[in-house]
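**Q** please find the sequence and the predicted model below.
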Amino acid sequence: MTYLDGFIVAVPRANKNIYLRHASEAASLFHDFGASRLVEAWGDDVPEGQLTDFRRAVLAKPEEDIVFSWIAYPDRERRDQAGVRIMQDARMKAMAEAMPFDGKRMIYGGFKEIWQSGPGGTMGYVDGSLVPVPRNNRQAYLESMAAVTEVFLEHGATRIVEAWGDDVPDGTLTDFRRAVLARPEESVVFSWIEWPSRAARDAAWPRMMADPRMQPSSNRPFDGKRMVFGGFAPLLDTAPG
């Protein structure tokens, strides 16, 4: 199945247009080296949490917004090959020296897609999340996603994707595991829900939360108090639909 490199970045609001140009230039390189899709989504509805949230995940400053981003590859082998070639490319080295954000606080990692459902289509809005899931609960997590996916699709979502942490390094300042306060026995799931628009998303959530199928159970296979989530407006999508 598809392999994903996931990223969370803190970008100064004043650098939004510069970041878009930077990402567009990078996208052409990643596609040259085998990527099938690159998405950059700008923080639009990113709440503060009691224990965890996207801003804490990247130590965001008051003047910064959060970018939720991923690069898709056909498989891990092609992702690994691309990583080596990109790091040897002079164009990438030049771009790395002129990044419009603090790369030391960026979090990134590799994830295996374990669930995808929905007809797809042009993505007008995305709900992104990070979830700490005990490794022993992987199958139970998939079963829980199967149960709620029907609800999402009924209420207008166009695609739901879940990807299991596979190559998630520890960072010096920030990383995916710290983002969700992951325990030694837990993996991190990088996931998102695609919507045709923010209006469709905003209209759907109250109805979904009232649906009995969405009510949390006592045996939920992850700690929802440490889940990180937020809404993002697409800034760049190289392969919509």
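**A** Okay, I see it. Note that the structure is a prediction, hence the values are computed from the model and not measured.
**Q** quick one, what contacts the residue nearest to Val228 when sequence neighbours are not counted?
**A** Sequence neighbours aside, Leu130 is the residue nearest to Val228 in space, at 4.2 Å (criterion: Cβ to Cβ, 6 or more residues apart in numbering). C-beta: built from backbone N, CA, C; applies to glycine. Contacts for Leu130 (Cβ atoms under 8 Å, 6 or more residues apart in numbering) come out as 8, 57, 176, 179-180, 188-191, 227-229.
**Q** contacting residues around stretch 229-239?
**A** Against stretch 229-239 from outside (Cβ under 8 Å, 6+ apart): 16, 19-20, 23-24, 27, 31, 36-47, 53-54, 66-68, 72, 123-130, 198, 201.
**Q** off-centre distance for that stretch?
**A** 9 Å (Cα atoms, centre = their mean, to the nearest Å).
**Q** bridged to the nearest residue to Val9 once chain neighbours are set aside, which residues?
**A** Leaving aside its sequence neighbours, Val9 sits nearest to Val67 (Cβ to Cβ, 6+ apart; 4.3 Å). Under the criterion DSSP bridges, Val67 forms beta bridges with Val9, Trp42.
**Q** test my guess that Val67 contacts Gly43.
**A** Yes: counting by Cβ atoms under 8 Å, Val67 touches Gly43, with 6.8 Å between them.
**Q** gap between Pro206 and Val131?
**A** Counting by Cβ to Cβ, to the nearest Å, the gap between Pro206 and Val131 amounts to 22 Å.
**Q** just the CA coordinates of the helix-or-strand element of the chain with minimal mean pLDDT, formatted as CSV?
**A** Lowest by mean pLDDT, DSSP states H and E among the helices and strands of the chain is helix 90-96, with a mean of 85. Provided in CSV are the C-alpha atoms of helix 90-96 (Å, rounded to 0.1, in the frame of the first residue of the first chain):
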residue,chain,number,x,y,z
ALA,A,90,22.2,20.2,-5.5
ARG,A,91,18.8,21.9,-5.9
MET,A,92,17.6,20.4,-2.7
LYS,A,93,20.7,21.5,-0.8
ALA,A,94,20.2,25.0,-2.0
MET,A,95,16.5,25.0,-0.9
ALA,A,96,17.5,23.6,2.5
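**Q** angles on the backbone of Trp205, please.
**A** Phi and psi for Trp205, reported as degrees, to the nearest 10, are phi -60, psi -50.
**Q** neighbours around it, how many?
**A** Per other Cβ atoms under 10 Å, the neighbour tally for Trp205 reads 14.
**Q** and the pLDDT for it?
**A** Looking at Trp205, its pLDDT stands at 93.
**Q** just the buried subset of the contacts of stretch 229-239, please.
**A** 19-20, 23, 27, 31, 37-44, 46, 53-54, 66-68, 72, 123-130, 198, 201 (16 or more other Cβ atoms under 10 Å).
**Q** re the thing from before, where does the residue nearest to Val228 fall, phi/psi-wise?
**A** Main-chain dihedrals, Leu130, degrees, to the nearest 10: phi -120, psi 130.
**Q** and the strands in this protein, which stretches?
**A** 3-12, 37-45, 64-73, 107-117, 125-134, 159-167, 186-195, 228-237 (DSSP state E).
**Q** I'd assumed Ile114 was in contact with Leu142.
**A** Yes: between Leu142 and Ile114 there is a contact under Cβ under 8 Å: 6.4 Å.
**Q** where in this protein is pLDDT low?
**A** By pLDDT under 70, the weakly predicted segments of the chain are 217, 240-241.
**Q** tell me how far the residue lying farthest from the centre of the chain lies from Glu97.
**A** Most distant from the centre of the chain: Ala90, at 27.6 Å, with distances by Cα atoms, centre = their mean. Going from Ala90 to Glu97 by Cβ to Cβ gives 11 Å.
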